[in-house]
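1. model the following, please.
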Amino acid sequence: MRERQPVRNEAFDRLRRLTPARVGLGRAGQGLPTESMLEFQLAHARAQDAVRAELDLARLGRKLPHPFLVVESAAGNRATYLQRPDLGRRLSESVLDLPRGGCDLAIVLGDGLSATAVEAHAPPLLAALLPMLAGWTVSPVIVARQARVALGDPIGERLGARCVLMLIGERPGLSAADSLGAYLTWNPIPGRRDSERNCVSNIRTRDGLHPLAAADKILWLLNEARRLSATGIVLKDRHVALPGDEAPIRWLEQ
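-> Got it, this is the predicted structure:
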């Protein structure tokens, strides 16, 4: 029996060089080429590992520029966290000792659905962002385990923060298992809606928004949030930095 050779459409070659997405995979008979199938299975396995992985606090601590406090959500463990998203939005009842002095900005690192993303990309992002926060009083960094995005709201409320920045591992896809998301919420209190937040997504060194570029975008959003005393649909993201540009472009109002 003659072996079937993979068939590829050369029209997709240039597009494949520009994106890690699965485009123009070709075919072998009625199915995918073996190489493409194996790459798909590997990406799926990496995504599963990222979702189930626990945050390595010791490794994270060696990378962060400052000490941090650790809190947990009401989910308690990874299995419950994955099955009960609502518990990941609430603080554990055991969390009692957060400082309550008030601050302009609370920074929370949440494991989310990819602890790998937090360990890899949150430290360089903070190393770039923190020195730029002149004029902001910043809380100690809070590391939240079994966290959903909205867990930043009760944390920010307890800290007396005017704004909370949640850096959290995003849901892994089949092209990336280590994407970090940054969510800004002005006047954080439990019950905030997603429409009241701004998000900077796909922060990762390779094939994403580089942490240094993300720090610049987050700073712009923070300054706009303070000017408007609001985040979410009120705050339009008009900050665009092109590769190689020294300064970002600010789009003018129409």
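
2. need the contact list for residue 126.
-> By C-beta atoms under 8 Å, 6 or more residues apart in numbering, the residues touching residue 126 are 64, 65, 107, 141, 167. In this view, the C-beta of every residue, glycine as well, is placed from N, C-alpha and C.

3. from residue 64, how far off is it?
-> Taking C-beta to C-beta, to the nearest Å as the measure, residue 126 and residue 64 are separated by 7 Å.

4. common neighbours of these two, please.
-> residue 141.

5. and residue 185, what are its bridge partners?
-> residue 164, residue 197 (DSSP bridges).

6. now do residue 168
-> Here residue 168, judged by DSSP bridges, has bridge partners residue 110, residue 181.

7. how near is it to residue 73?
-> For residue 168, the distance to residue 73 - C-beta to C-beta - is 12 Å.

8. next: residue 28.
-> For residue 28, the distance to residue 73 - C-beta to C-beta - is 46 Å.

9. picking that back up, identify the contacts common to residue 168 and residue 73.
-> 147, 148.

10. what's the helix or strand harbouring residue 213 packed up against?
-> Using DSSP states H and E, residue 213 sits within helix 211-228. Using 3 or more C-beta pairs under 8 Å, 6 or more residues apart in numbering; DSSP states H and E, the elements in contact with helix 211-228 are helix 115-129, strand 161-169, strand 180-186, strand 197-203, strand 239-240.

11. just the ones you listed: most buried one?
-> strand 161-169 (a mean of 26; mean count of other C-beta atoms under 10 Å).

12. now that one against strand 180-186, angle please.
-> 160 degrees (axes from the mean of the first three to the mean of the last three C-alpha atoms, to 10 degrees).

13. now do strand 161-169: distance to the chain's middle.
-> Relative to its parent chain, strand 161-169 has a centroid offset of 11 Å by C-alpha atoms, centre = their mean, to the nearest Å.

14. average pLDDT for the helix holding residue 213?
-> Averaged across helix 211-228, pLDDT comes to 96.

15. quick one, it and helix 115-129 angle?
-> Using the same axes, to 10 degrees: helix 211-228 against helix 115-129 is 70 degrees.

16. neighbours of residue 173, just the number please.
-> Close neighbours of residue 173, defined as other C-beta atoms under 10 Å, add up to 14.

17. re earlier: among the helices and strands packed on helix 211-228, which is nearest residue 24?
-> Distance to residue 24, taken as C-beta to C-beta, is lowest for strand 197-203 among the helices and strands packed on helix 211-228, at 21.9 Å.

18. how far off centre is that closest one?
-> Per C-alpha atoms, centre = their mean, the centroid offset for strand 197-203 relative to its chain is 7 Å.

19. picking up where we left off before, taking the contacts of residue 126 together, which two end up most distant?
-> Checking the contacts of residue 126 with C-beta to C-beta, the most distant pair is 65 and 167, at 13.6 Å.

20. show me where the stretch 1-150 of the chain has its strands.
-> Using DSSP state E, counting those that start in this stretch, the strands of the stretch 1-150 of the chain run over 68-72, 103-110, 141-145.

21. show residues contacting the helix holding residue 213.
-> Applying C-beta under 8 Å, 6+ apart, the external contacts of helix 211-228 come out as 104-105, 121, 124-125, 128-129, 132-133, 136, 162-163, 165, 180, 182, 184, 186, 198, 200, 203-205, 209, 231, 234-235, 237, 239, 241, 248.

22. follow-up on the earlier one: any chance of a markdown table for the strands of the stretch 1-150 of the chain, columns mean pLDDT?
-> A markdown table is the format used below for the strands of the stretch 1-150 of the chain (pLDDT from 0 to 100):
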| stretch | mean pLDDT |
| --- | --- |
| strand 68-72 | 93 |
| strand 103-110 | 96 |
| strand 141-145 | 96 |
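
23. got JSON lines for the ones you listed, with distance to residue 17 and mean neighbour count too?
-> Below are those laid out as JSON lines (distance: least, C-beta to C-beta, whole Å; neighbours: other C-beta atoms under 10 Å):
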{"stretch": "strand 68-72", "distance to residue 17": "40", "mean neighbour count": "18"}
{"stretch": "strand 103-110", "distance to residue 17": "34", "mean neighbour count": "25"}
{"stretch": "strand 141-145", "distance to residue 17": "38", "mean neighbour count": "24"}
